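Student: This is the structure alone, sequence omitted:
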């Protein structure tokens, strides 16, 4: 892992934005200045008042040669103000670089990101911002070594792709290094996705084969359920048949009463021939329905009741057998607990005490 591109570029670029501070000339002592002024006055020839000033003096400096006054020092030009965003970005970069070198990759990421955003509005920092993407991708990649979260790898791959996309605008850029990094990250992502799929895959445990006794009991339970269902169905059908027989008997009685009342004591029929024929047919059909219902109920109801009783008896035996099996299992568990208990000897006065 390296942080070379952004480190070199940021160090050079950030340092070159601000102008170097101007250095003031060293101040001279009063005696040295007076001696220089005296020597200049002695050596310089006299000049007319309207001529140029004598050698050794500067126009407008407010001094006369040889008068013993201290010359005025030149003023230091004010330092140019640096962009506060640039200073903050430089500070964040140095802090993030220190965090990266000490292995605190999680702390370096937000600092690289903030520095990247701060340089967005600073003129001439586009290349530096692109190089910060490389450092950010390295931080995400190395963070995965500390915290194996697949999202770190995905963010690292995306950051390196953004870096590669912007650097390809430079004709001198060699993409081989970033291509190799992306291949390595994609291989890690594929490996992690396979591990996650294996962890999330449901574990199917094949049940052990049932014993012959279990198969026999299961077959018995199925038979019992079939008997109960068949018995219930026959009881319902038999009950309907009995109801149909009762309805037929009631209808037959009603037709008989009508037929008896429509004939007078002298044998004269009050109803018409069609009505009389219809009533007689109703009387006969009602009798047939009542007879069929009685026969069906007499056959079906007892069969249904018998099946239901048989199923209930078998069900009762099955429940008793299940309770016995539960008791046997409880006994086995108690025996296992007793077998697993440890026996300890505790020293007492006059011997040992055995504790279970």
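Tutor: Cool, the structure landed. Remember, it's a predicted structure, so these values are computed and weren't measured experimentally. Numbers count the residues shown, from 1 in each chain.
Student: how about low-confidence regions in the stretch 51-200 of the chain?
Tutor: Counting by pLDDT under 70, the stretch 51-200 of the chain contains low-confidence ranges at 51-81.
Student: For it, just list every one of the strands.
Tutor: With strands called from DSSP state E, counting those that start in this stretch, the stretch 51-200 of the chain shows none.
Student: Show me where the stretch 51-200 of the chain has its helices.
Tutor: 84-101, 105-118, 126-146, 150-167, 176-200 (DSSP state H, counting those that start in this stretch).
Student: Need these in TSV (columns: mean neighbour count).
Tutor: Yep, even glycine has a C-beta here, placed from its N, CA and C like the rest. Formatted as TSV, the helices of the stretch 51-200 of the chain follow (neighbours: other CB atoms under 10 Å):
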stretch	mean neighbour count
helix 84-101	18
helix 105-118	20
helix 126-146	22
helix 150-167	19
helix 176-200	13
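Student: Could you dump these into CSV and include distance to residue 333?
Tutor: Output for the helices of the stretch 51-200 of the chain, formatted as CSV (distance: least, CB to CB, whole Å):
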stretch, distance to residue 333
helix 84-101, 59
helix 105-118, 51
helix 126-146, 48
helix 150-167, 45
helix 176-200, 34
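Student: State the distance from the residue lying closest to residue 99 once chain neighbours are set aside to residue 329.
Tutor: For residue 99, ignoring the flanking residues on the chain, the nearest one in space by CB to CB, 6 or more residues apart in numbering is residue 108 at 3.8 Å. According to CB to CB, to the nearest Å, residue 108 stands 61 Å off from residue 329.
Student: Give me the buried stretch members for stretch 216-223, please.
Tutor: By neighbour count, with 16 or more other CB atoms under 10 Å as the criterion, the buried positions of stretch 216-223 are residue 217.
Student: now what about it, what contacts it?
Tutor: Taking CB atoms under 8 Å, 6 or more residues apart in numbering as the criterion, the residues outside stretch 216-223 that touch it are 210, 314, 318, 321.
Student: farthest-separated two in those?
Tutor: Spatial extent of the contacts of stretch 216-223 (CB to CB) is set by the pair 210 and 314 at 20.0 Å.
Student: Which one of the two is surrounded by more residues?
Tutor: Per other CB atoms under 10 Å, whichever of residue 210 and residue 314 has more neighbours is residue 314, with 17 against 11.
Student: how near is residue 314 to residue 234?
Tutor: Taken as CB to CB, the spacing of residue 314 relative to residue 234 amounts to 17 Å.
Student: again, but for residue 84
Tutor: Computed with CB to CB, the distance linking residue 84 and residue 234 is 96 Å.
Student: same deal with residue 287?
Tutor: Using CB to CB, residue 287 is found at 25 Å from residue 234.
Student: which of the two has more neighbours?
Tutor: Set residue 287 next to residue 234 and count neighbours by other CB under 10 Å: residue 234 wins out with 20 against 17.
Student: Quickly find the element holding the more buried one.
Tutor: Assigned by DSSP states H and E, residue 234 belongs to helix 212-261.
Student: what helices or strands is the helix or strand that that helix is followed by leaning on?
Tutor: Taking DSSP H and E as the definition, the helix or strand that follows helix 212-261 towards the C-terminus is helix 273-340. Contacts of helix 273-340 with other secondary structure elements, assessed using 3 or more CB pairs under 8 Å, 6 or more residues apart in numbering; DSSP states H and E, are made with helix 212-261.
Student: angle of the helix it packs on against helix 273-340?
Tutor: Direction vectors for helix 212-261 and helix 273-340, defined by axes from the mean of the first three to the mean of the last three CA atoms, to 10 degrees, enclose an angle of 160 degrees.
Student: follow-up on the earlier one: between the contacts of stretch 216-223, which sits nearest residue 230?
Tutor: Checking those against residue 230 with CB to CB, the nearest one is residue 314 at 12.7 Å.
Student: any idea how far residue 141 is from the nearest residue to the closest one once chain neighbours are set aside?
Tutor: Using CB to CB, 6+ apart and skipping the chain neighbours, the partner closest in space to residue 314 is residue 224 (4.3 Å). When distances are taken as CB to CB, residue 224 and residue 141 turn out to be 67 Å apart.
Student: next one: residue 233
Tutor: With distances taken as CB to CB, residue 233 is found 72 Å from residue 141.
Student: ok, now residue 276?
Tutor: Residue 276 sits 107 Å away from residue 141, taking CB to CB as the criterion.
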